[in-house]
Structure formats: C-alpha cells, structure tokens
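>>> this is a predicted model, with the sequence first.
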Amino acid sequence: MPRKIVITGAGAVSAAGNDVASILDAIRAGRSAIAPVTGWDTTGWTAFNGAEIRDFNPRTFVEDRKVHKFIRRTDMLGIHAGSQAIDASGMAAARDTLDEKAAAAFSDATGIYVGSGGGAIRTSTSTFRCSRSRTGICTSSVRS
C-alpha cells in the first residue's frame, strides 16, 4: 500500500514578508521587494538592487541568542519558516493531546521538508569575488 504524504502547513521568509500571509499580501497588492542593496557595499558591482530582508533582527527568527553564534543567517530564516509550517499544521498541538506512547509513534511517523531558493549570500559573493580575481586564486577564508 502506498504511503500518503500530506502537506499540512507552510512557512516562508522573503524580502516581501516574514510569513506566508505577508508575502501573499505583497504579491496581491503588486508590491515589489526589490530595492537598493544595503547589506554590503555595492561599489564596483554592476547590479546594486536586490530583494533583501530589511531590518534583520536575529531574535525575531530564533529566540535563543546563544544559538546565533553557531548558525548562519540563512539557517535562522529556515528555522523560522519551518516553525511557521509546524505551527500552521497544528501537528504539535495534536501530538500534545496524545498519551506518551501514541505521541512517540506520531513523532516517529512525522517529517518536515525544507527547501530554499537562496543560501548564504556572503559565501556566494566571496566565491564570486575569488572567481573574478586575476589569478583565480583566493587566499582569504570564506565565512558568513
């Protein structure tokens, strides 16, 4: 018998909003999230506009500030979006109504799929700068 896969919740973070409802609202209203890049100096770049998440506050996305030094900004965004999906699904609330054994079985049979349309921009831009160097050799470490 084939196993069923059910999409029960969604979460998203983008320049258009920090949750699915805000993003859909921006799309429906025709609001663009494209603006001049402020996250780094674009001097010398051929493009200077982008879709940045403005006024980034790590505590908005991951409350535990001790975790911030171990994960990248993109990880925080993914954790936040994943948390939104879990909350929207109601699965955690449903699990909490079960006895211990049933809750464990429920947890074992539950999964989450996370996808991303981006990544760690600082890693990407550092790599791009290295590829554009005259020698093609980059000696600086890439860290974001």
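Ah, there it is.
>>> Val6 versus Tyr113, what's the distance?
12 Å (Cβ to Cβ, to the nearest Å). Quick note: C-beta positions are derived from backbone N, CA and C, even for glycine.
>>> neighbour count: these two, which is higher?
A direct count of neighbours by other Cβ atoms under 10 Å for Tyr113 and Val6 places Tyr113 higher, at 8 against 5.
>>> measure the more buried one to Ile71 for me?
In terms of Cβ to Cβ, Tyr113 sits 19 Å off from Ile71.
>>> next: Glu100.
Glu100 is 31 Å from Ile71, by Cβ to Cβ.
>>> neighbour count for those two, which is higher?
Neighbour tally, Glu100 and Ile71, criterion other Cβ under 10 Å: the higher count belongs to Ile71, 13 against 7.
>>> what is the burial count for Gly78?
20.
>>> over to Ala93?
Residues near Ala93, counting by other Cβ under 10 Å, number 10.
>>> part of a helix, is it?
Yes - counting by DSSP: H, G, I helix; E, B strand; the rest coil, Ala93 is part of a helix.
>>> give me the pLDDT for it.
With respect to pLDDT, Ala93 has a value of 88.
>>> same deal with Ile112?
For Ile112, the predicted pLDDT is 72.
>>> now do the one 10 residues further on
We have a pLDDT of 58 for Arg122.
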